[in-house]
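In: Sequence and predicted structure are below.
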Amino acid sequence: MNILEMKNISKDFGGTKALSDVDFSVETGEIHALLGENGAGKSTLMNILAGVLFMDSGSIIFDGESCPNPTIKQMERLGIAFVHQELNVVNDLTVSENIFLNREIVGRLRGLKKKEMTEQAMRLFEDLGVDIDPAAEVSTLTTAQKQLLEICRALYTDAKLLILDEPTTALSNDEITHLFKILRKLKSEGKTFIFISHKMPEIFEICDRYTVLRNGMLVQAGMIAETNPREVTSMMVGEEYAYNDVYEEHDLGDTILELRDFSGQGFESVDLSLRKGEVVAFTGLAGSGASEVLQAMFGALPTLGGSVEIHGKDVRGNIHAFMKNHVGMLATNRKENSVVPDMSVLENTYIAEHTLSRKRPMIHKKREVVKYNGLKSMLGIKAASHDDPITSLSGGNQQKIFLARWLNTQADILLFDNPTQGVDVGAKEEIYKLIMQFASEGKTIIINTLEIPEIKKVSDRCVVFYEGRILKIFSHDEINERDVMLYSTNAAAAAK
C-alpha cells in the first residue's frame, strides 16, 4: 500500500523546467532510493513534498489525505520529516533542547522542564541504540552524532516518512553500518524512508525500490533486486551524451608538482604528480575529499602527513607560503571565500598581489589600472568601470576578476574548486577556453568539479576520489560520464 503518491508534478523556475509531469510513489514501510545527477530535480521534488516549494501543477496524496497546496506545517503535522544534508542543529543548545526545539515541555509558569526533556531524550536514544548524552552541548558532538540527532528529532515528532538527503556523506564505514542498523529497526516498526544518495553500494545494501530522475523527468522506477549498479548509472546519465569539446591536445613539460602520501582532513595517502601545462580534473561525490585536497594544497586546511613538492621543493605552511611559491586558488563558494564586497573591482583584482609585496607597501593606482586593463582585455571581463563595486558584476565576470587576481600574482599553478559554480552557460564556455589557454601557456591547473561534461571539455586526466582516496585515474580519451560515475559512486566495486 502506498503511503505517498505524487502525480504529474511540474515546476518552473523563471522559464526553466525543473520538473515535468513527474510521478513518484512510496510504499509504507520501505526504504525508497531517489536517484539522479545534480540538477535532475530530486531536491525540487522533495521540497515540494515537504511544503518548502509550491508545485505549478500535479497532485499529492499522503497517508490517504489530499494535499493540493502543502505547507511546511501541514506536512509536518501529517508526519513528514526532512533531514537535510546541511545539518540544522543549534550548536549552542544541549542535545535534549535540540530535540524539543519549538516543542518544549514547560511548567505552569512557562519554565522549561529540563529534567523531563533529558529523561525522554534518553529513553528515545536507548530505544534506538544511540550513544549520545542528552545533556551534552551539540557543539561537542561529532558529525555522525549530529546526523543521528537530526533523525532522532524527526522521530520524536512521530514522523511516518523521513526524507534522508545524503545522510552518509560525512560518516565513516562504522558509522554508516550503525545508521543502517537503526534504519532497518525503524523500517521493521513501520517507518518509511526516502533515501537520496549517489553511493551505489549503499543504495543496493539498504534500499527496497528506486526512482530515477534525469533533467526533471521520470526515467524509471522499480525494485532494487531487479536491477544492478551499471543499469542504474546508465539511467541517471543517459546512454549517450553530446559534448561540445573545447579540449585540445598540447605539449606537457617536466613534473612540477608532486603529492607524496599526502593526508589531511577528509583524505589520506594521496600520491599524484602533475606536469607543466597539464590540466587535471578532480571529481567525486560531495565529501569524497577532492575539495579538501585542493584546500590543503593551498594551506587553507592543515596537512596531517605527507608532502607537497613544487619544483622539487617541499612547501609547507599557510596560504601565504603557497602564494610565494606561485600557487593560486579559486575557492568554492565565491561569495564567502573570494568576494570582498566593500572593495571595488580594481581592489579585488590586486588584493592578493599586494599581500606578497611587503617591500612596496604603497599602492600606485595608475600602475594597477594599467595591469587591470591588460587582464580585463585578456580575460574578456565585462565591467563598466574598475571603480564599480565587485558586487555590481555578474557571477561569471566576478569569477574572471578572481582569475585576474591570481594571474596578477604570477601564479603558475592554479587550483580551481568548482570554478563554474553559479555562472551561466556562456560564461562557463569562456572559462573553459581560458583554462585551455592557460595550459597552452605552461600553467598547471587542477580543477575540482562534479560536472563530468566539464571534465571532458578541459582535462588531460581525471582523478576520481571516493571516501578520501584516489579510486581511479582516467586519461582524456577514457573519460566518459558512465564510467566516471561508476567510480565516483563506487558502483564499479558493487557490481563485482
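Out: Received it, and whenever you're ready, just let me know what you need.

In: Okay, buried residues for stretch 283-302 please.
Out: Within stretch 283-302, the residues that count as buried by 16 or more other Cβ atoms under 10 Å are 283-285, 287-301. From N, CA and C alone the C-beta is placed, and that goes for glycine too.

In: Alpha carbons of it, in PDB - could you do that?
Out: Coordinates of each C-alpha in stretch 283-302 appear next as PDB, following Å, rounded to 0.1, in the frame of the first residue of the first chain:
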ATOM      1  CA  THR A 283      35.900  14.600  -9.100                       C
ATOM      2  CA  GLY A 284      33.900  12.600  -6.700                       C
ATOM      3  CA  LEU A 285      30.700  12.900  -4.600                       C
ATOM      4  CA  ALA A 286      30.300  15.600  -2.000                       C
ATOM      5  CA  GLY A 287      32.500  14.600   0.900                       C
ATOM      6  CA  SER A 288      34.900  12.500  -1.300                       C
ATOM      7  CA  GLY A 289      37.900  14.500  -0.200                       C
ATOM      8  CA  ALA A 290      38.700  16.100  -3.500                       C
ATOM      9  CA  SER A 291      37.900  19.700  -2.400                       C
ATOM     10  CA  GLU A 292      39.800  19.100   0.900                       C
ATOM     11  CA  VAL A 293      42.900  18.000  -1.100                       C
ATOM     12  CA  LEU A 294      42.900  21.300  -3.000                       C
ATOM     13  CA  GLN A 295      42.400  23.400   0.200                       C
ATOM     14  CA  ALA A 296      45.300  21.600   1.900                       C
ATOM     15  CA  MET A 297      47.500  22.200  -1.200                       C
ATOM     16  CA  PHE A 298      46.900  25.900  -0.700                       C
ATOM     17  CA  GLY A 299      47.400  25.900   3.000                       C
ATOM     18  CA  ALA A 300      43.800  26.600   3.800                       C
ATOM     19  CA  LEU A 301      43.400  23.300   5.600                       C
ATOM     20  CA  PRO A 302      46.100  21.600   7.800                       C
END
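
In: that older thread, please narrow the buried residues of stretch 283-302 to those residing in strands.
Out: Thr283 (DSSP state E).

In: how close does Thr283 get to Thr303?
Out: 22 Å (Cβ to Cβ, to the nearest Å).

In: repeat for Asp314
Out: Relative to Thr303, and taking Cβ to Cβ, Asp314 is found at 11 Å.

In: ok, these two, which is more surrounded?
Out: Between Asp314 and Thr303, Thr303 has the larger neighbour count (other Cβ atoms under 10 Å), namely 16 against 10.

In: Distance check, Glu27 against Cys207.
Out: According to Cβ to Cβ, Glu27 and Cys207 sit 12 Å apart.

In: Could you check which of the two has the larger neighbour count?
Out: Cys207 (22 against 13).

In: Run a quick neighbour tally on the nearest residue in space to that one that is not next to it in sequence.
Out: Among residues not flanking Cys207 along the chain, Ala33 sits closest, at 4.0 Å (Cβ to Cβ, 6 or more residues apart in numbering). Using other Cβ under 10 Å, Ala33 has 24 other residues around it.

In: Wait, Ala33 touches His198, no?
Out: No. Judged on Cβ atoms under 8 Å, Ala33 makes no contact with His198 at a distance of 10.3 Å.

In: So Pro134: helix, strand or coil?
Out: Under DSSP: H, G, I helix; E, B strand; the rest coil, Pro134 falls in the coil class.

In: next one: Met55
Out: coil.

In: Run a quick neighbour tally on the closest residue to it other than its chain neighbours.
Out: Of all residues not flanking Met55 in the chain, Ile48 sits nearest, at 4.9 Å (Cβ to Cβ, 6+ apart). Using other Cβ under 10 Å, Ile48 has 27 neighbouring residues.

In: Now Ile48: which helix or strand?
Out: Ile48 is located in helix 42-49, with elements delineated by DSSP states H and E.

In: and the gap between the residue nearest the centre of the chain and Asn173?
Out: The centre of the chain sits closest to Ala286, judged by Cα atoms, centre = their mean, with a distance of 4.1 Å. Ala286 sits 17 Å away from Asn173, going by Cβ to Cβ.

In: and the nearest residue to His354 once chain neighbours are set aside, which of the three is it?
Out: Nearest residue to His354, sequence neighbours excluded (Cβ to Cβ, 6+ apart): Ile363, at 6.4 Å. Classification of Ile363 using three-state DSSP returns coil.

In: same check, this time on Ala159
Out: Ala159 - assigned by three-state DSSP - is coil.

In: Could you pull up phi and psi at it?
Out: Backbone geometry at Ala159, expressed as degrees, to the nearest 10, gives phi -60, psi 140.

In: Surely it and Val83 touch.
Out: No. Contact criterion Cβ under 8 Å: Ala159 and Val83 do not qualify, at 9.5 Å.

In: so what sits against both of those two?
Out: Counting by Cβ atoms under 8 Å, 6 or more residues apart in numbering, no residue touches both Ala159 and Val83.

In: per-domain residue ranges of the chain.
Out: Listed domain ranges for the chain are 2-237, 255-479 (source: automatic domain parsing).

In: Just put the ones you listed in JSON lines and tack on mean pLDDT and distance to Ala492.
Out: Output for the domains of the chain, formatted as JSON lines (pLDDT from 0 to 100; distance: least, Cβ to Cβ, whole Å):
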{"stretch": "domain 2-237", "mean pLDDT": "88", "distance to Ala492": "8"}
{"stretch": "domain 255-479", "mean pLDDT": "88", "distance to Ala492": "8"}
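
In: Hmm, the residue nearest to Met55 is touching Pro70, no?
Out: Yes. Ile48 is within contact range of Pro70, at 7.4 Å (criterion: Cβ under 8 Å).

In: what do the two both touch?
Out: With Cβ under 8 Å, 6+ apart as the test, Ile48 and Pro70 both reach Ile60.

In: Just the residues contacting stretch 188-197, thanks.
Out: For stretch 188-197, using Cβ under 8 Å, 6+ apart, the contacting residues are 3-4, 26-35, 42, 46, 155, 159-168, 183, 186-187, 203, 206-207.

In: buried subset of those residues?
Out: 3-4, 26, 29-35, 42, 46, 155, 159-168, 183, 186-187, 203, 206-207.

In: one step back: next one: the residue nearest to His354 from Val370, what distance?
Out: Relative to Val370, and taking Cβ to Cβ, Ile363 is found at 13 Å.

In: Quick check on those two: which one has the bigger neighbour count.
Out: Neighbour count, other Cβ under 10 Å: between Ile363 and Val370, Ile363 has more, with 14 against 10.

In: Please report how far the more buried one lies from Leu109.
Out: 62 Å.

In: In contact with the residue nearest to Met55, which residues are there?
Out: Met6, Ile9, Lys11, Leu19, Phe54, Met55, Ile60, Pro70.

In: And Val22, by the same measure?
Out: Neighbours of Val22 in contact, by Cβ under 8 Å, 6+ apart: Met6, Asn8, Ile9, Ser10, Gly41, Leu45, Gly58, Leu213, Gly216, Met217, Leu218.

In: Apply 10 Å and report the result again.
Out: Each residue near Val22 by Cβ atoms under 10 Å, 6 or more residues apart in numbering is listed here: 6-11, 41, 44-45, 48, 55, 58, 211, 213, 216-218.

In: what pairs with whichever strand or helix holds it, and is each one parallel or antiparallel?
Out: Assigned by DSSP H and E, Val22 belongs to strand 16-27. Strand pairing for strand 16-27, using DSSP bridges, gives strand 2-13 (antiparallel).

In: How far away from the center of its chain is the partner strand?
Out: 25 Å (Cα atoms, centre = their mean, to the nearest Å).

In: Off-centre distance for the helix or strand containing Lys366?
Out: Using DSSP H and E, Lys366 sits within helix 365-379. How far helix 365-379 lies from its chain's middle: 34 Å, per Cα atoms, centre = their mean.

In: Nothing else from me, thank you.
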